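>>> I'd like to go over a predicted model; first the sequence, then the structure.
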Amino acid sequence: MPQPSAPRGLIVTADDFGLHEAVNEAIERAHWDGVLTAASLMVGAPAAADAIARARRMPRLRVGLHLVLADGAAVLPRAQIPDLVNPAGRFGDSMARDGFRFFFLPRVRHQLSAEIEAQFALFQASSLPLDHVNAHKHFHIHPTVLSLILAQRRRFRFHAIRLPLATDPPMFLWPWLAAMRRRLDRAKIAHNDRICGIEQSGAMDEAALLAALSRLPAGVTEIYSHPATQRGITPSMASYRPTDELAALLSPRVRAAMDSLGVKRGGFSDFWPPRGAA
């Protein structure tokens, strides 16, 4: 059954919460002084404990789980997931190769399931309400990854997953995204209608944010970015402009544009409250 239609609105999310204290500081500033309403937490990242402590001081910030299954550190020791990580315990960034391995190799799939469960358990241990689930580099588009995430629903009781459907996605992704939306609807998992930020990943500056707001369609749109108070946090983010993205989230022009739309803003749970919530 398709999810009930939600009011037209905005979810403004920062990814990579916990990656570095410079990211955490930017998220806290963008929430208190800017337009940020949600963040996606990397539970195994170096500054995760600092991120959790900050999140507890921000009860209106909606925090989700940002599963890391590529280009980052695993939370389980390598001995338990030897087919997933290198000797340093890190996932690679060859997502096409790993996607084939997830689908075709049961041994690899079993290890992946264990790692996903461990990341959910770490989020649960934080005692933060779980607003949503997504994956680093949108790896949850992969049907095997999505299946393993959905398999955790009974234990961890999440109710919303990011749908990485851009306004004009590449043609080769259409079947994957359409199948993902159908699966989420069948499972009665809430999701955004579309997302802004994929085409401008690392460059969601003031101009990009204002442009997205100027053509905001009906339904609930998630706008995501990667703010930080310094550049060059990781090699894979060398070309990112996180300080410009922070400035955009703090921009009075962006706030005024959002206010002028008169739409509801919040996290996933503000549009689709968890079952049993007030």
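That came through, no problem.

>>> helix or strand right after the longest helix belonging to the chain?
Looking across the chain with DSSP state H, the single longest helix is helix 106-125. Using DSSP states H and E, the helix or strand that follows helix 106-125 towards the C-terminus is strand 133-135.

>>> that next one packs against which elements?
With contacts taken as 3 or more C-beta pairs under 8 Å, 6 or more residues apart in numbering; DSSP states H and E, strand 133-135 sits against strand 62-67, helix 143-150. (Glycine included, C-beta is placed from N, CA and C.)

>>> contacts for the helix or strand following the longest one?
So the one you mean is helix 143-150. Remark: after helix 143-150, the chain's next helix or strand is helix 153-156, criterion DSSP H and E. For helix 153-156, the external contacting residues (C-beta atoms under 8 Å, 6 or more residues apart in numbering) are 117, 120, 121, 123, 124, 130, 187, 189.

>>> same check, this time on stretch 206-220
For stretch 206-220, the surrounding residues in contact (C-beta under 8 Å, 6+ apart) are 5-11, 167, 192-194, 196-197, 200, 221, 223, 244, 247-249, 251, 253-254, 257-258, 261, 263, 271.

>>> how about it: buried residues?
Using 16 or more other C-beta atoms under 10 Å as the test for burial, stretch 206-220 gives 206, 208, 209, 210, 212, 213, 216, 220.

>>> distance from it to the middle of the chain?
Centre-to-centre, stretch 206-220 and its host chain are 19 Å apart (C-alpha atoms, centre = their mean, to the nearest Å).

>>> what's the end-to-end length of that stretch?
Terminal residues of stretch 206-220 are spaced 21 Å apart (C-alpha to C-alpha, to the nearest Å).

>>> of the buried residues of stretch 206-220, which belong to strands?
Among the buried residues of stretch 206-220, the members falling in strands (DSSP state E) are residue 220.

>>> and the buried residues of stretch 206-220, which is closest to residue 70?
Within those, the smallest distance to residue 70 is 24.4 Å, found for residue 208 (C-beta to C-beta).

>>> dihedrals phi and psi, residue 256?
phi -60, psi -40 (degrees, to the nearest 10).

>>> ok now stretch 118-132, how far from the chain's centre?
Stretch 118-132 has its C-alpha centroid displaced from the chain centroid by 14 Å (C-alpha atoms, centre = their mean).

>>> okay, how far is it across that stretch, tip to tip?
Counting by C-alpha to C-alpha, you get 17 Å between the two ends of stretch 118-132.

>>> report the buried residues of it.
In stretch 118-132, counting by 16+ other C-beta under 10 Å, buried: 118, 119, 120, 122, 123, 126, 128, 130, 131, 132.

>>> out of these, flag the one nearest to residue 236.
residue 119 (19.2 Å).

>>> contacting residues for that closest one?
Applying C-beta under 8 Å, 6+ apart, the residues near residue 119 are 43, 44, 65, 67, 68, 75.

>>> one more time with 7 Å
By C-beta atoms under 7 Å, 6 or more residues apart in numbering, residue 119 lies in contact with 43, 44, 65, 67, 75.

>>> now residue 135
Residue 135 neighbours (C-beta under 7 Å, 6+ apart): 67, 69, 145.

>>> next: residue 263.
8, 9, 10.

>>> quick one: least confident of these?
Ranked by pLDDT, the contacts of residue 263 bottom out at residue 8, which scores 82.

>>> which stretches of the protein have low pLDDT?
Flagging of the chain using pLDDT under 70 yields the residue ranges 1-7, 276-278.

>>> what segments of it are helices?
Using DSSP H, helices in the chain cover 21-32, 48-56, 95-104, 106-125, 143-150, 153-156, 174-186, 206-214, 242-250, 252-261, 268-271.

>>> any idea how far residue 73 is from the residue of the chain most remote from its centre?
Distance from the C-alpha centroid of the chain, by C-alpha atoms, centre = their mean, peaks at residue 79 (27.7 Å). Counting by C-beta to C-beta, to the nearest Å, the gap between residue 79 and residue 73 amounts to 15 Å.

>>> now the end-to-end length of stretch 63-75.
19 Å.

>>> please point out which parts of that stretch sit buried.
For stretch 63-75, burial by neighbour count (16+ other C-beta under 10 Å) applies to 63, 64, 65, 66, 67, 68, 69, 70, 71, 72, 74, 75.

>>> before we move on, what about stretch 104-118?
Using 16+ other C-beta under 10 Å as the test for burial, stretch 104-118 gives 108, 109, 111, 112, 113, 114, 115, 116, 117, 118.
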